[in-house]
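1. I would like the atomic coordinates for the input below:
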Amino acid sequence: MAADLIDNISADIIITGRNPTPFLYSPDQTQARVRYLELDLLDHEKLGKTVATSDLVVHCAGPFHKRDTWVLQTCIEKGVPYIDVSDDRGFTQRALSLRDAAIASGVTAIINSGVFPGISNSMVLQGVEHLETTHKIHLSYVVAGSGGAGVTVMRTTFSNLQRPFEAWIEGRWQTVTPYTDRESIEFPAPFGRAGVYWFDMPEALTLVYSFPVDTVITKFGSVPDFYNHLTWMTAHWFPPKLMQNPNVIEFLAHVSHRMTGVSDRFSGIGVAIRLEITGKKEGRLVRYRSDFVYDSAAVAAGHGTGSIAQCILSGQLTKPGVWAVEQALSTELFEKVMQSRNLVIHQTWL
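-> Below is the predicted model of the structure:
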């Protein structure tokens with residue numbers, strides 16, 4: 001994300017972390033614009049001072065199922081725009097509950113940015129705007145190996161297997177078990193056909209609030225397919241109490257990260273999104289499809305978040321309140337920033 005900001009905006013960038021050893025982005029010519037600051041989120045006083053001197057805060061400290069909304073609250077208090085890369089339903093609900101406070105402070109806060117959620121949400125808006133009515137939104141995601149991301153992504157994946165979740169199906173909330181109902185989806189090259197399963201994503205919640213729709217489906221899978229079977233066994237064979245043990249999650253996350261460190265050499269670290277929307281256009285029942293593929297899931301997430309940061313800092317995106325991406329970023333702006341980063345969304349009517 002820092003790399004995307006360096007390439008697309010002229011602002012100085014402060015990268016924070018608990019590690020006292022500074023991380024500095026290369027090449028060297030960017031160093032004058034990048035500074036590292038040791039910062040623990042539990043140090044509320046130092047956090048407040050850092051936020052107060054910033055024009056924008058990008059919150060990347062996951063996994064978000066463990067996070068409170070203190071960073072967002074601090075931004076609202078200090079009057080500073082906010083973006084995060086949250087991917088947890090509970091955190092999303094807690095963040096959205098602060099909408100009125102953000103509106104009162106005139107603060108624009110965008111949550112769930114990145115690739116999925118993030119780019120995926122804007123792809124839905126891009127399609128829904130062409131329809132008179134929307135019946136079903138079906139999002140499928142696949143990631144090769146680690147996706148180029150760190151162990152925190154593994155923690156999030158295993159944490160989301162712990163319990164059933166609510167999905168909006170045929171106009172009502174219904175309980176779904178994670179990693180069930182496998183589907184074989186044809187993704188763009190180089191992925192081809194891959195298996196995906198029910199998976200709890202925040203867009204399964206926000207899309208229902210954003211659009212009048214009967215059904216929202218979010219499914220996720222990995223390649224090689226070997227990882228899908230391991231994840232399925234973890235979700236269905238491990239005792240629930242075991243999966244709720246933080247030490248077990250940590251162990252599984254580190255083992256998986258080491259495994260993908262080997263398989264990434266063969267599978268790559270790309271990401272693909274397949275969206276299908278069923279609805280009515282000019283009185284006829286139609287199907288809309290769009291696809292996105294990129295060779296690094298982590299870099300794609302950086303582009304998704306960086307593009308929103310660019311829009312906020314340039315003054316093109318101002319909407320006080322706390323919003324999911326599809327509620328704040330217009331299709332016109334989305335297409336503009338995607339084009340500037342050479343990111344292509346393929347759209348098809350069926």
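2. and the helix or strand where residue 255 lies, which residues are buried?
-> Counting by DSSP states H and E, the element that carries residue 255 is helix 246-267. In terms of neighbour count (16 or more other CB atoms under 10 Å), helix 246-267 has its buried residues at 248, 249, 252, 253, 256, 257, 259, 260, 263, 267. Where you see a C-beta, it was placed from the backbone N, CA and C, and this is true even at glycine.
3. can you count the residues close to residue 45?
-> For residue 45, the tally of surrounding residues (other CB atoms under 10 Å) stands at 7.
4. pLDDT weak spots in the stretch 251-350 of the chain?
-> Applying pLDDT under 70 to the stretch 251-350 of the chain flags no residue at all.
5. could you pull out the strands for it?
-> With strands called from DSSP state E, counting those that start in this stretch, the stretch 251-350 of the chain shows them at 271-281, 284-294, 321-324, 346-349.
6. centre-most residue in the protein?
-> Per CA atoms, centre = their mean, the C-alpha nearest to the average position across the chain is that of residue 117, at 3.0 Å.
7. list phi and psi for that one.
-> phi -70, psi 170 (degrees, to the nearest 10).
8. contact partners for it?
-> Listed by CB atoms under 8 Å, 6 or more residues apart in numbering, the contact partners of residue 117 are 87, 201, 202, 203, 206, 324, 325.
9. of the strands of the stretch 251-350 of the chain, which is nearest residue 95?
-> Closest of these to residue 95 is strand 321-324, at 5.4 Å (criterion: CB to CB).
10. mind saving the C-alpha coords of the helix holding residue 255 as PDB?
-> Provided in PDB are the C-alpha atoms of helix 246-267 (Å, rounded to 0.1, in the frame of the first residue of the first chain):
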ATOM      1  CA  PRO A 246      -5.800 -18.500  19.900                       C
ATOM      2  CA  ASN A 247      -2.700 -20.800  20.200                       C
ATOM      3  CA  VAL A 248      -4.200 -23.300  17.700                       C
ATOM      4  CA  ILE A 249      -5.000 -20.500  15.200                       C
ATOM      5  CA  GLU A 250      -1.500 -19.200  15.600                       C
ATOM      6  CA  PHE A 251       0.000 -22.600  15.000                       C
ATOM      7  CA  LEU A 252      -2.200 -23.300  11.900                       C
ATOM      8  CA  ALA A 253      -1.400 -19.900  10.500                       C
ATOM      9  CA  HIS A 254       2.300 -20.300  10.800                       C
ATOM     10  CA  VAL A 255       2.300 -23.900   9.400                       C
ATOM     11  CA  SER A 256       0.200 -22.700   6.400                       C
ATOM     12  CA  HIS A 257       2.400 -19.700   5.800                       C
ATOM     13  CA  ARG A 258       5.500 -22.000   5.700                       C
ATOM     14  CA  MET A 259       3.700 -24.400   3.300                       C
ATOM     15  CA  THR A 260       2.700 -21.600   0.900                       C
ATOM     16  CA  GLY A 261       6.300 -20.300   1.100                       C
ATOM     17  CA  VAL A 262       7.200 -23.500  -0.800                       C
ATOM     18  CA  SER A 263       4.100 -23.800  -3.100                       C
ATOM     19  CA  ASP A 264       4.200 -20.100  -4.100                       C
ATOM     20  CA  ARG A 265       7.200 -20.900  -6.400                       C
ATOM     21  CA  PHE A 266       4.900 -23.100  -8.500                       C
ATOM     22  CA  SER A 267       1.400 -21.600  -8.000                       C
END
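11. now what about that helix, what contacts it?
-> 144-146, 148, 150-152, 154-155, 157-159, 223-224, 227, 234, 238, 242-243.
12. kindly recompute the last result at 6 Å.
-> 144, 145, 146, 151, 154, 155, 158, 159, 223, 224, 242 (CB atoms under 6 Å, 6 or more residues apart in numbering).
13. on that earlier part again, any idea which of the strands of the stretch 251-350 of the chain is most buried?
-> Mean neighbour count (mean count of other CB atoms under 10 Å) peaks for strand 321-324 among the strands of the stretch 251-350 of the chain, with a mean of 24.
14. partner strands of that one, parallel or antiparallel?
-> With DSSP bridges as the test, strand 321-324 is paired with strand 108-111 (parallel).
15. circling back: dump the buried residues of helix 246-267 to CSV, plus distance to residue 50.
-> Putting the buried residues of helix 246-267 into CSV (distance: CB to CB, whole Å) gives the following:
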residue, distance to residue 50
248, 34
249, 30
252, 33
253, 29
256, 33
257, 30
259, 37
260, 33
263, 38
267, 39
